[in-house]
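J.: sequence plus predicted model, see below.
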Amino acid sequence: MIETKYLLLAKQAVSALKWEVSFSPKPGLVDAVSNGSHTDMDIVLFYKSADALLSGFEEMARVSFRHPLDLKLREAIGKIGRIAEKDMFAATNGVNTHKGAIWSLGLLVSVISSLQTDDLAEILAGVKKLSRMPDRFNEVKPTHGQVTKQKYALTGAKGEAQSGLINVAKALSFQPEADDFDTWMRRLLVLYSNVNDTNIVYRSDLETLQQFQKLSAEIVRDPRSVMGNPQFTILQNFTKEKNISPGGSADLFAASYFLKHLN
Ligand SMILES: CC(C)(COP(=O)(O)OP(=O)(O)OC[C@H]1O[C@@H](n2cnc3c(N)ncnc32)[C@H](O[C@H]2O[C@H](COP(=O)(O)OP(=O)(O)OP(=O)(O)O)[C@@H](O)[C@H]2O)[C@@H]1O)[C@@H](O)C(=O)NCCC(=O)NCCS
Ligand SMILES: Nc1ncnc2[nH]cnc12
């Protein structure tokens, strides 16, 4: 019975990743109608990558079940997370599809399995606590995120988790009961307007990130439906012109969907 519980949580995480990549249109990102600002990724690759993560998420759920949120657990899921990253790179021939998602969804799976709760505030507080613990075995590598963080003092995916996924909370607090297309589109744009995405800054600069955030925020504030708003086309063209991709927001969008559909 418990075995099924771990697998169910893992399957929900994988489904959220597949939902995210299928959700269309998403300016700059890979979706069902475009590869956005990417030449080495498409939706098929994202599906393969998501499937490769099932066993890692299941293992995280297993080791976390009713385990206190302590350093021992942080290091145990860190080890599984690094194996999951290897599984992802093996499935994609070295393309980084879901590194940020392994981190955010991995922490969520672990906290939910540990606390056995579906209360959003408790889950987000758990993510804050677990992600703030230092994992002795995690080497700091010269990733795009590290380079950008040093240059511009951004906190990236780690800071996002250490804030208790504050931008996921913001996205989900937008019309909390709704589940329709326009609401999800606005939640995506809430993320676009708030996340300091190291992917965008790595490919451009801070000013471009700020312009992207401002354009996105204007669309959220406008009462017209997102698809009926000409500003949305301007945002799409902006991501093309600048060749930017909000990959961090994509991961947090999947995390938002996962949390909204927990059962
Ligand atoms: C703490 C880790 C996140 C690792 O730290 P690192 O310094 O490597 O972190 P970042 O690079 O900042 O982020 C890693 C991925 O997180 C996504 N991301 C970026 N900014 C944010 C943000 N502000 N908030 C949330 N998430 C963010 C992003 O993932 C997406 O981008 C992928 C593509 O990235 P990249 O390769 O840079 O870009 P490309 O477009 O491929 O490159 P070019 O084409 O431009 O050349 C995309 O697929 C999304 O996934 C960042 O990549 C954490 O990973 C860690 O410590 N892991 C160890 C294991 C562990 O402890 N796990 C815990 C249990 S699960
Ligand atoms: N749909 C997507 N497009 C590009 N990068 C991503 N990272 C996670 N999801 C993504």
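T.: Received, thanks. Ligands and ions are numbered 1, 2, ... in the order given.
J.: now do the worst-scoring helix or strand of the chain on mean pLDDT: distance to the chain's middle.
T.: The weakest-scoring helix or strand in the chain, judged by mean pLDDT, DSSP states H and E, is helix 144-152 (a mean of 82). Mean-position distance between helix 144-152 and its chain equals 18 Å (Cα atoms, centre = their mean, to the nearest Å).
J.: and it, does that touch ligand 2?
T.: No. Using Cβ under 6 Å from any ligand atom, helix 144-152 stays clear of ligand 2, coming no nearer than 12.3 Å. Using the backbone N, CA and C atoms, a C-beta is placed for each residue, glycine as well.
J.: and that helix, which residues are buried?
T.: Buried residues in helix 144-152, defined by neighbour count with 16 or more other Cβ atoms under 10 Å: His144, Gly145, Thr148, Lys149.
J.: I'd guessed the second one sits against Ala157; true?
T.: Yes. Distance between Gly145 and Ala157: 6.5 Å, which falls inside the contact criterion (Cβ atoms under 8 Å).
J.: so what sits against both of these two?
T.: Contact criterion Cβ atoms under 8 Å, 6 or more residues apart in numbering; residues shared by Gly145 and Ala157: Thr198.
J.: picking up where we left off before, from the buried residues of helix 144-152, pick the one nearest ligand 1.
T.: Gly145 (1.9 Å; Cβ to the nearest ligand atom).
J.: what's the spacing between the closest one and Tyr152?
T.: The spacing between Gly145 and Tyr152, counted by Cβ to Cβ, to the nearest Å, is 11 Å.
J.: same question, Leu69
T.: Note on Leu69: its distance to Tyr152, by Cβ to Cβ, is 31 Å.
J.: Val44 and Lys128, how far apart?
T.: 35 Å.
J.: wait, I meant Leu105
T.: Distance, Leu105 to Lys128, using Cβ to Cβ: 16 Å.
J.: in stretch 125-135, what's buried?
T.: Buried, per 16+ other Cβ under 10 Å, within stretch 125-135: Gly126, Val127, Lys128, Lys129, Leu130, Ser131, Asp135.
J.: wait, doesn't the first one sit right on Asp70?
T.: No. At 11.6 Å, Gly126 does not count as touching Asp70 under the criterion of Cβ under 8 Å.
J.: which residues does Trp184 contact?
T.: By Cβ under 8 Å, 6+ apart, Trp184 lies in contact with Phe23, Tyr257.
J.: element containing it?
T.: Assigned by DSSP states H and E, Trp184 belongs to helix 181-194.
J.: how about Ala217?
T.: Using DSSP H and E, Ala217 sits within helix 206-221.
J.: buried sites along the following helix or strand past that helix?
T.: Scanning forward in sequence from helix 206-221 by DSSP H and E, the next helix or strand is helix 230-242. Buried positions in helix 230-242, judged by neighbour count with 16+ other Cβ under 10 Å: Phe232, Leu235, Gln236, Phe238, Thr239, Lys242.
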